[in-house]
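S.K.: Sequence and predicted structure, then a few things I'm wondering about:
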Amino acid sequence: MEMENFYESMYQLIVETSTNLPKDVRRAIAAAKLKESAGTRSAMSLATITNNIKMADENISPICQDTGLPTFKLKVPVGANQIEMKKEIKRAIEQATKDGKLRPNSVDSISGANSGDNLGDGTPVIKFEQWEKDYIDARLILKGGGCENKNIQYSLPCELDGLGKAGRDLDGIRKCIMHSVYQAQGQGCSAGFIGVGIGGDRTSGYELAKEQLFRRVDDVNEREDLRQLEDYVLTHANELGIGTMGFGGETTLLGCKVGVINRIPASFFVSVAYNCWAYRRLGVYIDPVNGSINEWLYQDGEEVEFAQDEVAATQEQSEAPREVVLEAPITEEKIRELKVGDVVRINGMMYTGRDAIHKYLSDNDSPVDLNGQIIYHCGPVMMKDEDGNYHVKAAGPTTSIREEPYQGDIMKRFGIRAVIGKGGMGPKTLQALGEHGGVYLNAIGGAAQYYADCIKSVEGVDLMQFGIPEAMWHLKVEGFTAVVTMDSHGNSLHADVDKSSLEKLAQFKEPVFN
Ligand SMILES: O=C(O)C[C@H](O)C(=O)O
Ligand code: SF4
(Lines give C-alpha, C1' and ligand atoms only; values in the text may rest on other atoms or scores of the structure.)
(Ligands and ions follow the chains in the order given, each with its own letter.)
Protein backbone atom coordinates (compact mmCIF):
# COMPACT_ATOMS: atom_id res chain seq x y z
CA MET A 1 0.00 0.00 0.00
CA GLU A 2 1.07 3.62 -0.63
CA MET A 3 1.88 4.41 3.00
CA GLU A 4 2.15 8.17 2.47
CA ASN A 5 -1.45 8.21 1.22
CA PHE A 6 -2.56 6.02 4.10
CA TYR A 7 -0.93 8.48 6.51
CA GLU A 8 -2.77 11.36 4.82
CA SER A 9 -6.06 9.43 5.04
CA MET A 10 -5.57 8.83 8.76
CA TYR A 11 -4.66 12.48 9.32
CA GLN A 12 -7.87 13.54 7.58
CA LEU A 13 -9.88 11.04 9.60
CA ILE A 14 -8.48 12.48 12.84
CA VAL A 15 -9.04 16.12 11.87
CA GLU A 16 -12.57 15.51 10.60
CA THR A 17 -13.52 13.47 13.65
CA SER A 18 -12.32 16.16 16.03
CA THR A 19 -13.80 19.13 14.18
CA ASN A 20 -16.80 18.00 12.15
CA LEU A 21 -19.66 16.39 14.03
CA PRO A 22 -21.19 13.52 11.99
CA LYS A 23 -24.45 14.24 10.22
CA ASP A 24 -26.40 11.47 11.96
CA VAL A 25 -25.47 13.08 15.30
CA ARG A 26 -26.34 16.56 14.04
CA ARG A 27 -29.78 15.37 12.96
CA ALA A 28 -30.43 13.98 16.45
CA ILE A 29 -29.37 17.27 18.05
CA ALA A 30 -31.45 19.32 15.61
CA ALA A 31 -34.52 17.21 16.45
CA ALA A 32 -33.92 17.68 20.19
CA LYS A 33 -33.69 21.41 19.72
CA LEU A 34 -37.16 21.55 18.23
CA LYS A 35 -38.58 19.96 21.38
CA GLU A 36 -37.22 22.44 23.93
CA SER A 37 -39.33 25.52 24.57
CA ALA A 38 -37.68 28.80 23.73
CA GLY A 39 -36.29 30.78 26.64
CA THR A 40 -35.51 27.83 28.92
CA ARG A 41 -32.01 27.06 30.13
CA SER A 42 -32.02 23.87 28.09
CA ALA A 43 -32.97 25.71 24.91
CA MET A 44 -30.26 28.30 25.55
CA SER A 45 -27.69 25.57 26.14
CA LEU A 46 -28.68 23.75 22.98
CA ALA A 47 -28.30 26.98 21.04
CA THR A 48 -24.77 27.37 22.44
CA ILE A 49 -24.05 23.75 21.50
CA THR A 50 -25.26 24.14 17.92
CA ASN A 51 -23.37 27.41 17.50
CA ASN A 52 -20.30 25.62 18.77
CA ILE A 53 -20.72 22.77 16.29
CA LYS A 54 -20.85 25.32 13.51
CA MET A 55 -17.81 27.24 14.78
CA ALA A 56 -15.72 24.05 15.08
CA ASP A 57 -16.53 23.21 11.50
CA GLU A 58 -15.65 26.68 10.23
CA ASN A 59 -12.47 27.05 12.32
CA ILE A 60 -11.42 23.43 11.67
CA SER A 61 -10.81 23.28 15.42
CA PRO A 62 -11.84 20.77 18.10
CA ILE A 63 -15.58 20.65 18.87
CA CYS A 64 -14.62 19.90 22.47
CA GLN A 65 -11.19 20.49 24.03
CA ASP A 66 -11.17 16.95 25.39
CA THR A 67 -10.32 14.93 22.32
CA GLY A 68 -10.37 11.78 24.41
CA LEU A 69 -8.40 8.61 24.09
CA PRO A 70 -8.26 8.20 20.31
CA THR A 71 -9.56 4.72 19.51
CA PHE A 72 -9.14 3.29 16.02
CA LYS A 73 -10.86 0.18 14.73
CA LEU A 74 -9.71 -1.20 11.42
CA LYS A 75 -10.95 -4.08 9.33
CA VAL A 76 -8.34 -5.05 6.80
CA PRO A 77 -8.05 -7.54 3.94
CA VAL A 78 -5.79 -10.53 4.46
CA GLY A 79 -2.20 -9.52 3.74
CA ALA A 80 -2.43 -5.86 4.82
CA ASN A 81 0.64 -4.86 6.82
CA GLN A 82 -0.74 -3.93 10.24
CA ILE A 83 2.66 -3.02 11.69
CA GLU A 84 3.23 -0.36 9.02
CA MET A 85 -0.34 0.93 9.33
CA LYS A 86 0.06 1.34 13.08
CA LYS A 87 3.21 3.41 12.54
CA GLU A 88 1.39 5.75 10.14
CA ILE A 89 -1.57 6.13 12.49
CA LYS A 90 0.78 7.15 15.28
CA ARG A 91 2.55 9.60 12.99
CA ALA A 92 -0.81 11.14 12.03
CA ILE A 93 -1.78 11.43 15.71
CA GLU A 94 1.47 13.22 16.46
CA GLN A 95 0.97 15.67 13.59
CA ALA A 96 -2.68 16.37 14.44
CA THR A 97 -1.62 17.13 18.01
CA LYS A 98 1.07 19.54 16.76
CA ASP A 99 -1.56 21.23 14.59
CA GLY A 100 -3.93 21.81 17.53
CA LYS A 101 -6.56 19.36 16.29
CA LEU A 102 -6.07 17.09 19.29
CA ARG A 103 -5.25 18.05 22.86
CA PRO A 104 -2.09 16.40 24.24
CA ASN A 105 -4.01 13.89 26.33
CA SER A 106 -1.61 11.05 27.09
CA VAL A 107 -0.31 11.25 30.65
CA ASP A 108 1.74 8.88 32.76
CA SER A 109 -0.85 7.32 35.03
CA ILE A 110 1.24 7.62 38.17
CA SER A 111 3.39 10.73 37.75
CA GLY A 112 0.88 12.65 35.58
CA ALA A 113 3.66 13.61 33.13
CA ASN A 114 2.14 14.51 29.74
CA SER A 115 3.90 12.94 26.74
CA GLY A 116 2.94 16.03 24.73
CA ASP A 117 2.14 14.17 21.51
CA ASN A 118 -0.68 11.78 22.48
CA LEU A 119 1.69 8.82 22.14
CA GLY A 120 2.54 6.56 25.05
CA ASP A 121 1.88 3.14 26.53
CA GLY A 122 -1.70 2.32 25.62
CA THR A 123 -2.36 5.51 23.63
CA PRO A 124 -3.74 5.68 21.03
CA VAL A 125 -5.82 2.49 21.01
CA ILE A 126 -5.55 0.71 17.65
CA LYS A 127 -7.47 -2.50 17.01
CA PHE A 128 -7.27 -4.60 13.88
CA GLU A 129 -9.51 -7.33 12.57
CA GLN A 130 -9.12 -9.20 9.30
CA TRP A 131 -12.00 -9.61 6.94
CA GLU A 132 -12.68 -11.09 3.55
CA LYS A 133 -13.58 -7.85 1.78
CA ASP A 134 -11.07 -6.18 -0.50
CA TYR A 135 -11.00 -2.73 1.14
CA ILE A 136 -10.07 -1.25 4.52
CA ASP A 137 -12.78 -0.03 6.91
CA ALA A 138 -11.15 2.42 9.35
CA ARG A 139 -13.13 4.04 12.16
CA LEU A 140 -12.15 6.43 14.89
CA ILE A 141 -13.91 7.53 18.05
CA LEU A 142 -12.76 10.44 20.22
CA LYS A 143 -14.63 9.89 23.45
CA GLY A 144 -13.83 12.38 26.18
CA GLY A 145 -13.08 11.64 29.81
CA GLY A 146 -16.15 13.20 31.38
CA CYS A 147 -18.57 10.87 29.64
CA GLU A 148 -16.16 7.94 29.93
CA ASN A 149 -16.29 8.41 33.70
CA LYS A 150 -20.06 7.92 33.56
CA ASN A 151 -19.84 4.47 31.97
CA ILE A 152 -21.29 1.91 34.30
CA GLN A 153 -21.36 -1.85 34.57
CA TYR A 154 -24.10 -3.78 36.38
CA SER A 155 -23.90 -7.34 37.61
CA LEU A 156 -27.34 -8.94 37.72
CA PRO A 157 -29.20 -9.52 39.94
CA CYS A 158 -28.87 -6.20 41.75
CA GLU A 159 -30.76 -3.57 43.67
CA LEU A 160 -31.10 -0.18 42.00
CA ASP A 161 -31.96 3.27 43.38
CA GLY A 162 -35.56 4.09 42.56
CA LEU A 163 -36.14 0.86 40.62
CA GLY A 164 -35.66 -1.85 43.21
CA LYS A 165 -34.69 -5.38 42.25
CA ALA A 166 -33.27 -6.00 38.78
CA GLY A 167 -33.32 -9.69 37.90
CA ARG A 168 -31.57 -11.79 35.29
CA ASP A 169 -33.96 -11.13 32.43
CA LEU A 170 -34.84 -8.52 29.84
CA ASP A 171 -36.73 -6.47 32.40
CA GLY A 172 -33.73 -6.43 34.74
CA ILE A 173 -31.65 -5.22 31.79
CA ARG A 174 -34.23 -2.50 31.10
CA LYS A 175 -33.91 -1.26 34.69
CA CYS A 176 -30.10 -1.15 34.52
CA ILE A 177 -30.17 0.93 31.34
CA MET A 178 -32.72 3.39 32.75
CA HIS A 179 -30.59 3.68 35.88
CA SER A 180 -27.45 4.31 33.83
CA VAL A 181 -29.02 7.42 32.32
CA TYR A 182 -30.19 8.65 35.72
CA GLN A 183 -26.77 8.20 37.36
CA ALA A 184 -25.02 10.13 34.57
CA GLN A 185 -27.13 13.23 35.32
CA GLY A 186 -25.63 16.11 33.32
CA GLN A 187 -22.05 15.23 34.14
CA GLY A 188 -21.32 13.48 30.85
CA CYS A 189 -22.57 16.56 28.96
CA SER A 190 -26.12 15.40 28.29
CA ALA A 191 -27.99 14.97 26.08
CA GLY A 192 -26.03 11.77 25.54
CA PHE A 193 -25.93 8.58 23.51
CA ILE A 194 -25.54 5.17 25.11
CA GLY A 195 -24.09 1.93 23.83
CA VAL A 196 -25.13 -1.11 25.85
CA GLY A 197 -23.47 -4.52 25.93
CA ILE A 198 -25.42 -7.42 27.42
CA GLY A 199 -23.38 -10.44 28.47
CA GLY A 200 -19.72 -11.30 28.04
CA ASP A 201 -17.33 -10.73 30.91
CA ARG A 202 -16.34 -7.38 32.41
CA THR A 203 -13.95 -6.69 29.51
CA SER A 204 -15.87 -8.04 26.52
CA GLY A 205 -19.11 -6.56 27.89
CA TYR A 206 -17.68 -3.03 27.82
CA GLU A 207 -16.06 -3.77 24.47
CA LEU A 208 -19.49 -4.67 23.08
CA ALA A 209 -21.05 -1.56 24.64
CA LYS A 210 -18.45 0.65 22.95
CA GLU A 211 -18.91 -1.22 19.68
CA GLN A 212 -22.55 -0.07 19.70
CA LEU A 213 -21.32 3.53 19.54
CA PHE A 214 -20.14 2.80 16.00
CA ARG A 215 -23.69 2.06 14.91
CA ARG A 216 -25.57 4.79 13.08
CA VAL A 217 -27.87 6.85 15.24
CA ASP A 218 -30.78 6.12 12.89
CA ASP A 219 -30.23 2.39 12.33
CA VAL A 220 -32.71 -0.24 13.49
CA ASN A 221 -31.71 -3.21 15.60
CA GLU A 222 -32.08 -6.48 13.72
CA ARG A 223 -33.36 -8.27 16.80
CA GLU A 224 -36.98 -7.45 17.58
CA ASP A 225 -36.60 -7.74 21.39
CA LEU A 226 -33.59 -5.41 21.41
CA ARG A 227 -35.27 -2.99 19.01
CA GLN A 228 -38.16 -2.71 21.44
CA LEU A 229 -35.77 -2.22 24.34
CA GLU A 230 -33.91 0.54 22.49
CA ASP A 231 -37.17 2.33 21.67
CA TYR A 232 -38.44 1.98 25.21
CA VAL A 233 -35.27 3.45 26.73
CA LEU A 234 -35.06 6.29 24.25
CA THR A 235 -38.66 7.30 24.93
CA HIS A 236 -38.70 6.92 28.69
CA ALA A 237 -35.19 8.17 29.53
CA ASN A 238 -36.38 11.45 28.07
CA GLU A 239 -39.10 11.53 30.73
CA LEU A 240 -36.49 11.75 33.50
CA GLY A 241 -36.27 15.52 33.04
CA ILE A 242 -32.47 15.73 33.36
CA GLY A 243 -32.15 17.74 30.15
CA THR A 244 -29.22 19.43 28.46
CA MET A 245 -26.25 19.67 30.86
CA GLY A 246 -28.52 18.48 33.67
CA PHE A 247 -30.41 21.78 33.65
CA GLY A 248 -33.78 20.01 33.44
CA GLY A 249 -35.65 19.72 30.14
CA GLU A 250 -37.18 17.52 27.53
CA THR A 251 -34.13 15.84 26.03
CA THR A 252 -31.80 13.72 28.11
CA LEU A 253 -30.94 10.90 25.72
CA LEU A 254 -30.36 11.13 21.96
CA GLY A 255 -29.63 7.51 21.14
CA CYS A 256 -29.65 4.02 22.64
CA LYS A 257 -28.03 1.02 20.95
CA VAL A 258 -28.00 -2.43 22.50
CA GLY A 259 -25.94 -5.49 21.57
CA VAL A 260 -25.82 -8.96 23.08
CA ILE A 261 -23.23 -11.72 23.35
CA ASN A 262 -23.16 -14.96 25.30
CA ARG A 263 -22.08 -15.08 28.94
CA ILE A 264 -21.05 -17.87 31.30
CA PRO A 265 -23.64 -19.15 33.77
CA ALA A 266 -22.36 -17.37 36.88
CA SER A 267 -22.00 -13.91 35.27
CA PHE A 268 -24.64 -11.57 33.91
CA PHE A 269 -23.24 -8.15 33.08
CA VAL A 270 -24.97 -5.15 31.58
CA SER A 271 -22.31 -2.67 30.48
CA VAL A 272 -23.16 0.87 29.44
CA ALA A 273 -20.86 3.22 27.54
CA TYR A 274 -22.09 6.79 27.86
CA ASN A 275 -21.16 9.30 25.18
CA CYS A 276 -21.69 13.05 25.46
CA TRP A 277 -23.53 15.07 22.81
CA ALA A 278 -20.06 15.75 21.31
CA TYR A 279 -20.26 12.26 19.82
CA ARG A 280 -17.18 12.31 17.65
CA ARG A 281 -16.85 9.18 15.62
CA LEU A 282 -16.29 8.84 11.92
CA GLY A 283 -15.16 6.21 9.49
CA VAL A 284 -13.74 5.77 6.02
CA TYR A 285 -13.36 3.09 3.39
CA ILE A 286 -9.81 3.00 2.11
CA ASP A 287 -8.35 1.55 -1.06
CA PRO A 288 -5.84 -1.09 0.11
CA VAL A 289 -3.53 -0.48 -2.87
CA ASN A 290 -3.22 3.30 -3.02
CA GLY A 291 -4.18 4.05 0.62
CA SER A 292 -6.66 6.83 -0.29
CA ILE A 293 -10.15 7.41 1.05
CA ASN A 294 -12.95 6.11 -1.18
CA GLU A 295 -15.91 6.90 1.02
CA TRP A 296 -16.84 8.65 4.28
CA LEU A 297 -19.24 6.97 6.69
CA TYR A 298 -22.04 8.60 8.76
CA GLN A 299 -21.86 11.67 6.53
CA ASP A 300 -24.53 10.93 3.94
CA GLY A 301 -27.72 12.93 3.56
CA GLU A 302 -28.39 16.63 3.49
CA GLU A 303 -26.28 19.22 5.31
CA VAL A 304 -27.60 19.97 8.79
CA GLU A 305 -27.27 23.71 9.19
CA PHE A 306 -27.79 25.41 12.52
CA ALA A 307 -28.70 29.10 12.53
CA GLN A 308 -26.23 31.40 14.26
CA ASP A 309 -28.37 33.89 16.14
CA GLU A 310 -30.43 31.69 18.38
CA VAL A 311 -28.74 32.34 21.73
CA ALA A 312 -29.66 35.99 21.51
CA ALA A 313 -33.16 35.20 20.27
CA THR A 314 -34.01 32.96 23.21
CA GLN A 315 -32.80 35.56 25.65
CA GLU A 316 -35.29 38.06 24.37
CA GLN A 317 -38.14 35.88 25.57
CA SER A 318 -40.29 37.31 28.35
CA GLU A 319 -39.17 34.56 30.73
CA ALA A 320 -35.52 35.34 30.10
CA PRO A 321 -33.40 34.94 33.23
CA ARG A 322 -31.82 37.88 35.06
CA GLU A 323 -28.44 38.76 33.61
CA VAL A 324 -25.54 39.97 35.71
CA VAL A 325 -22.12 41.17 34.58
CA LEU A 326 -19.21 39.96 36.72
CA GLU A 327 -15.65 41.23 36.70
CA ALA A 328 -12.96 40.05 39.13
CA PRO A 329 -12.02 40.96 41.80
CA ILE A 330 -15.56 40.27 43.02
CA THR A 331 -16.83 41.30 46.44
CA GLU A 332 -18.63 38.99 48.84
CA GLU A 333 -21.64 41.30 48.72
CA LYS A 334 -21.94 41.02 44.96
CA ILE A 335 -21.64 37.22 45.08
CA ARG A 336 -24.33 36.94 47.72
CA GLU A 337 -26.73 38.78 45.43
CA LEU A 338 -26.54 35.97 42.90
CA LYS A 339 -29.21 33.27 42.84
CA VAL A 340 -29.61 29.95 41.08
CA GLY A 341 -30.93 30.63 37.59
CA ASP A 342 -29.15 33.94 37.05
CA VAL A 343 -27.13 34.18 33.88
CA VAL A 344 -23.73 35.82 34.30
CA ARG A 345 -21.55 37.41 31.68
CA ILE A 346 -17.95 37.55 32.77
CA ASN A 347 -15.42 40.11 31.63
CA GLY A 348 -11.78 40.37 32.70
CA MET A 349 -9.60 37.73 34.30
CA MET A 350 -10.12 34.10 35.20
CA TYR A 351 -7.61 31.36 36.07
CA THR A 352 -7.86 27.77 34.96
CA GLY A 353 -7.44 25.02 37.52
CA ARG A 354 -8.44 21.40 37.27
CA ASP A 355 -7.32 18.16 38.90
CA ALA A 356 -3.58 18.76 39.34
CA ILE A 357 -4.02 22.40 40.42
CA HIS A 358 -6.65 21.58 43.06
CA LYS A 359 -4.43 18.94 44.59
CA TYR A 360 -1.47 21.32 44.40
CA LEU A 361 -3.34 24.23 45.99
CA SER A 362 -4.49 22.05 48.83
CA ASP A 363 -0.94 21.93 50.14
CA ASN A 364 0.91 24.80 48.45
CA ASP A 365 0.62 28.55 48.02
CA SER A 366 -0.98 29.88 44.88
CA PRO A 367 1.38 31.36 42.27
CA VAL A 368 -1.11 34.27 41.85
CA ASP A 369 -3.31 36.21 44.25
CA LEU A 370 -6.72 34.53 43.97
CA ASN A 371 -8.56 36.85 46.33
CA GLY A 372 -11.93 37.76 44.77
CA GLN A 373 -11.02 35.81 41.63
CA ILE A 374 -12.67 33.23 39.41
CA ILE A 375 -11.38 29.69 38.88
CA TYR A 376 -12.32 27.95 35.65
CA HIS A 377 -12.30 24.14 35.64
CA CYS A 378 -10.82 23.85 32.17
CA GLY A 379 -8.02 22.05 30.36
CA PRO A 380 -7.64 23.96 27.09
CA VAL A 381 -6.03 23.13 23.76
CA MET A 382 -3.22 25.68 23.33
CA MET A 383 -0.84 26.48 20.48
CA LYS A 384 2.41 28.37 20.75
CA ASP A 385 3.30 30.78 17.94
CA GLU A 386 6.79 31.58 16.64
CA ASP A 387 7.21 34.37 19.21
CA GLY A 388 6.46 31.97 22.04
CA ASN A 389 2.96 33.34 22.70
CA TYR A 390 0.11 30.97 23.44
CA HIS A 391 -3.25 30.96 21.63
CA VAL A 392 -6.39 29.20 22.79
CA LYS A 393 -7.71 26.68 20.28
CA ALA A 394 -10.48 25.13 22.42
CA ALA A 395 -11.51 25.81 26.00
CA GLY A 396 -14.76 24.39 27.38
CA PRO A 397 -15.33 23.36 31.00
CA THR A 398 -14.44 20.04 32.61
CA THR A 399 -16.52 17.99 35.09
CA SER A 400 -16.32 19.79 38.42
CA ILE A 401 -17.34 17.01 40.79
CA ARG A 402 -13.79 15.60 40.70
CA GLU A 403 -12.67 18.65 42.69
CA GLU A 404 -15.30 18.12 45.38
CA PRO A 405 -12.80 16.95 48.03
CA TYR A 406 -10.75 20.16 47.63
CA GLN A 407 -12.99 22.95 46.35
CA GLY A 408 -14.57 24.36 49.50
CA ASP A 409 -11.32 24.54 51.45
CA ILE A 410 -9.46 26.12 48.57
CA MET A 411 -12.12 28.77 48.02
CA LYS A 412 -11.97 29.75 51.67
CA ARG A 413 -8.20 29.67 51.95
CA PHE A 414 -7.53 31.82 48.88
CA GLY A 415 -10.67 33.98 48.90
CA ILE A 416 -11.93 32.66 45.54
CA ARG A 417 -15.48 33.93 44.85
CA ALA A 418 -16.60 31.91 41.85
CA VAL A 419 -15.81 28.63 40.21
CA ILE A 420 -16.90 27.77 36.72
CA GLY A 421 -17.24 24.21 35.51
CA LYS A 422 -19.93 21.78 34.48
CA GLY A 423 -22.08 19.09 35.99
CA GLY A 424 -22.26 20.72 39.41
CA MET A 425 -20.63 19.96 42.73
CA GLY A 426 -21.69 18.26 45.94
CA PRO A 427 -22.81 19.10 49.48
CA LYS A 428 -19.34 19.99 50.78
CA THR A 429 -18.89 22.72 48.19
CA LEU A 430 -22.47 23.93 48.60
CA GLN A 431 -21.87 24.40 52.28
CA ALA A 432 -18.63 26.26 51.68
CA LEU A 433 -20.38 28.58 49.18
CA GLY A 434 -22.78 29.56 51.96
CA GLU A 435 -20.15 29.99 54.66
CA HIS A 436 -17.63 31.89 52.58
CA GLY A 437 -19.80 33.65 50.01
CA GLY A 438 -19.23 31.94 46.69
CA VAL A 439 -21.05 30.71 43.61
CA TYR A 440 -20.77 27.81 41.24
CA LEU A 441 -21.29 28.71 37.61
CA ASN A 442 -22.19 26.11 35.04
CA ALA A 443 -20.76 26.60 31.58
CA ILE A 444 -21.93 24.52 28.64
CA GLY A 445 -19.84 21.36 28.43
CA GLY A 446 -18.24 20.68 25.09
CA ALA A 447 -18.76 24.24 23.82
CA ALA A 448 -15.02 24.63 23.41
CA GLN A 449 -15.08 26.89 20.36
CA TYR A 450 -17.75 29.13 21.81
CA TYR A 451 -15.70 29.72 24.97
CA ALA A 452 -12.38 29.97 23.15
CA ASP A 453 -13.93 32.84 21.23
CA CYS A 454 -14.71 34.63 24.53
CA ILE A 455 -11.05 34.44 25.55
CA LYS A 456 -9.40 37.59 24.27
CA SER A 457 -5.86 36.93 25.47
CA VAL A 458 -3.62 34.58 27.40
CA GLU A 459 -1.95 36.81 29.99
CA GLY A 460 0.31 34.20 31.53
CA VAL A 461 0.65 30.65 32.75
CA ASP A 462 1.86 28.95 35.92
CA LEU A 463 2.56 25.37 36.90
CA MET A 464 3.37 24.27 33.37
CA GLN A 465 5.06 21.21 34.87
CA PHE A 466 1.56 19.70 34.96
CA GLY A 467 1.29 19.87 31.15
CA ILE A 468 -0.94 22.00 28.93
CA PRO A 469 -4.39 20.76 30.04
CA GLU A 470 -3.52 20.89 33.74
CA ALA A 471 -1.51 24.15 33.97
CA MET A 472 -2.90 27.34 35.48
CA TRP A 473 -3.67 29.62 32.53
CA HIS A 474 -4.39 33.30 33.11
CA LEU A 475 -7.16 34.18 30.70
CA LYS A 476 -8.70 37.52 29.86
CA VAL A 477 -12.29 37.05 28.71
CA GLU A 478 -15.16 39.08 27.35
CA GLY A 479 -18.82 38.10 27.48
CA PHE A 480 -18.11 34.65 28.87
CA THR A 481 -21.62 33.33 29.67
CA ALA A 482 -22.52 30.83 32.35
CA VAL A 483 -25.49 30.01 34.60
CA VAL A 484 -25.52 30.17 38.40
CA THR A 485 -26.46 26.62 39.41
CA MET A 486 -25.26 26.71 43.06
CA ASP A 487 -25.47 29.83 45.18
CA SER A 488 -24.50 31.08 48.63
CA HIS A 489 -28.07 30.57 49.91
CA GLY A 490 -27.93 26.78 49.93
CA ASN A 491 -29.61 26.30 46.54
CA SER A 492 -28.32 23.78 44.02
CA LEU A 493 -30.03 23.13 40.73
CA HIS A 494 -28.01 19.90 40.51
CA ALA A 495 -29.34 18.56 43.80
CA ASP A 496 -32.88 19.51 42.71
CA VAL A 497 -32.64 17.82 39.31
CA ASP A 498 -31.06 14.74 40.89
CA LYS A 499 -33.95 14.48 43.34
CA SER A 500 -36.73 15.04 40.82
CA SER A 501 -35.18 12.66 38.27
CA LEU A 502 -34.89 9.94 40.92
CA GLU A 503 -38.60 10.35 41.66
CA LYS A 504 -39.35 10.05 37.95
CA LEU A 505 -37.09 7.02 37.66
CA ALA A 506 -39.17 5.28 40.33
CA GLN A 507 -42.17 5.47 37.97
CA PHE A 508 -40.46 2.85 35.82
CA LYS A 509 -40.29 0.27 38.59
CA GLU A 510 -43.10 -1.99 37.36
CA PRO A 511 -42.20 -4.82 34.95
CA VAL A 512 -42.45 -4.01 31.24
CA PHE A 513 -40.71 -6.87 29.39
CA ASN A 514 -41.64 -10.32 30.57
O1 LIG B 1 -10.95 16.89 30.10
C2 LIG B 1 -11.76 17.76 29.77
O3 LIG B 1 -11.42 18.85 29.32
C4 LIG B 1 -13.23 17.55 29.93
C5 LIG B 1 -13.70 16.16 30.21
O6 LIG B 1 -14.04 15.50 29.03
C7 LIG B 1 -14.91 16.20 31.05
O8 LIG B 1 -16.02 16.03 30.52
O9 LIG B 1 -14.78 16.38 32.25
S1 SF4 C 1 -16.36 18.07 28.17
FE2 SF4 C 1 -18.33 17.16 27.74
S3 SF4 C 1 -18.45 17.23 25.53
FE4 SF4 C 1 -16.30 17.38 26.08
S5 SF4 C 1 -15.54 15.30 26.11
FE6 SF4 C 1 -16.12 15.86 28.22
S7 SF4 C 1 -18.15 14.98 28.34
FE8 SF4 C 1 -17.72 15.20 26.15
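M.R.: In hand now; what should we look at? Ligands and ions are numbered 1, 2, ... in the order given.
S.K.: Which parts of this structure belong to which domain?
M.R.: Here the domain parsing of the chain from automatic domain parsing is 1-143+281-320, 145-277, 321-495.
S.K.: I'd like those domains as TSV, with mean neighbour count appended.
M.R.: Where C-beta positions appear, they are placed from N, C-alpha and C, glycine not excepted. Output for the domains of the chain, formatted as TSV (neighbours: other Cβ atoms under 10 Å):
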stretch	mean neighbour count
domain 1-143+281-320	18
domain 145-277	21
domain 321-495	20
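S.K.: Of those, give the one that comes closest to Ala506.
M.R.: With Cβ to Cβ, the closest approach to Ala506 among the domains of the chain belongs to domain 145-277: 4.3 Å.
S.K.: what does the chain have sitting close to ligand 2?
M.R.: Contact residues, the chain versus ligand 2 (Cβ under 6 Å from any ligand atom): Cys64, Asp66, Gly144, Gly146, Cys147, Gly188, Cys189, Cys276, Ala278, Gly396, Gly445, Gly446.
S.K.: Flag every residue of the stretch 301-450 of the chain that's near ligand 1.
M.R.: Counting by Cβ under 6 Å from any ligand atom, the stretch 301-450 of the chain sits next to ligand 1 at Gly379, Thr398, Thr399, Gly445.
S.K.: switch to 5 Å and redo it
M.R.: Gly379, Thr398, Thr399 (Cβ under 5 Å from any ligand atom).
S.K.: Tell me how far the closest residue to ligand 1 within the stretch 401-514 of the chain lies from Asn105.
M.R.: Per Cβ to the nearest ligand atom, Gly445 is where the stretch 401-514 of the chain lies closest to ligand 1, at 5.9 Å. Counting by Cβ to Cβ, to the nearest Å, the separation of Gly445 from Asn105 is 17 Å.
S.K.: With Glu159 instead?
M.R.: For Glu159, the distance to Asn105 - Cβ to Cβ - is 36 Å.
S.K.: Check Val260 too.
M.R.: 32 Å.
S.K.: And for Ile242, nearest residue in space, chain neighbours not counted?
M.R.: Leaving aside its chain neighbours, Ile242 sits nearest to Thr252 (4.2 Å; criterion: Cβ to Cβ, 6 or more residues apart in numbering).
S.K.: if we can go back for a sec, would you format the residues of the chain next to ligand 2 as JSON lines with distance to Ala356 and secondary structure included?
M.R.: JSON lines is the format used below for those (distance: Cβ to Cβ, whole Å; DSSP: H, G, I helix; E, B strand; the rest coil):
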{"residue": "Cys64", "distance to Ala356": "20", "secondary structure": "coil"}
{"residue": "Asp66", "distance to Ala356": "15", "secondary structure": "coil"}
{"residue": "Gly144", "distance to Ala356": "18", "secondary structure": "coil"}
{"residue": "Gly146", "distance to Ala356": "16", "secondary structure": "helix"}
{"residue": "Cys147", "distance to Ala356": "21", "secondary structure": "helix"}
{"residue": "Gly188", "distance to Ala356": "22", "secondary structure": "coil"}
{"residue": "Cys189", "distance to Ala356": "22", "secondary structure": "coil"}
{"residue": "Cys276", "distance to Ala356": "22", "secondary structure": "coil"}
{"residue": "Ala278", "distance to Ala356": "23", "secondary structure": "coil"}
{"residue": "Gly396", "distance to Ala356": "18", "secondary structure": "coil"}
{"residue": "Gly445", "distance to Ala356": "20", "secondary structure": "coil"}
{"residue": "Gly446", "distance to Ala356": "22", "secondary structure": "coil"}
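S.K.: right, and out of those residues, which lies closest to Leu505?
M.R.: Out of the residues of the chain next to ligand 2, the member with the shortest distance to Leu505 (by Cβ to Cβ) is Gly188, at 16.7 Å.
S.K.: Just the pLDDT for the closest one.
M.R.: At Gly188, the predicted lDDT confidence score is 97.
S.K.: Tell me the helix or strand right after the longest helix anywhere in the chain.
M.R.: Using DSSP state H, we find that the single longest helix of the chain is helix 41-59. Using DSSP states H and E, the helix or strand that directly follows helix 41-59 along the chain is strand 71-77.
S.K.: Pairing partners for that next one, with directions?
M.R.: Looking at strand 71-77 with DSSP bridges, its partner strands are strand 125-131 (parallel), strand 136-142 (antiparallel).
S.K.: Tabulate those in JSON lines, adding columns for distance to Val477 and mean pLDDT.
M.R.: As requested, those are exported to JSON lines (distance: least, Cβ to Cβ, whole Å; pLDDT from 0 to 100):
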{"stretch": "strand 125-131", "distance to Val477": "35", "mean pLDDT": "98"}
{"stretch": "strand 136-142", "distance to Val477": "26", "mean pLDDT": "98"}
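S.K.: how about those strands, which one is nearest ligand 1?
M.R.: Per Cβ to the nearest ligand atom, nearest to ligand 1 of the strands paired with strand 71-77: strand 136-142, 10.3 Å.
S.K.: Next one: the closest one, is it in contact with ligand 1?
M.R.: No. Between strand 136-142 and ligand 1, judged by Cβ under 5 Å from any ligand atom, nothing touches; the nearest distance is 10.3 Å.
S.K.: right, and Ser204 touches Ile261 too?
M.R.: Yes. Ser204 lies in contact with Ile261 (Cβ atoms under 8 Å); the separation is 6.6 Å.
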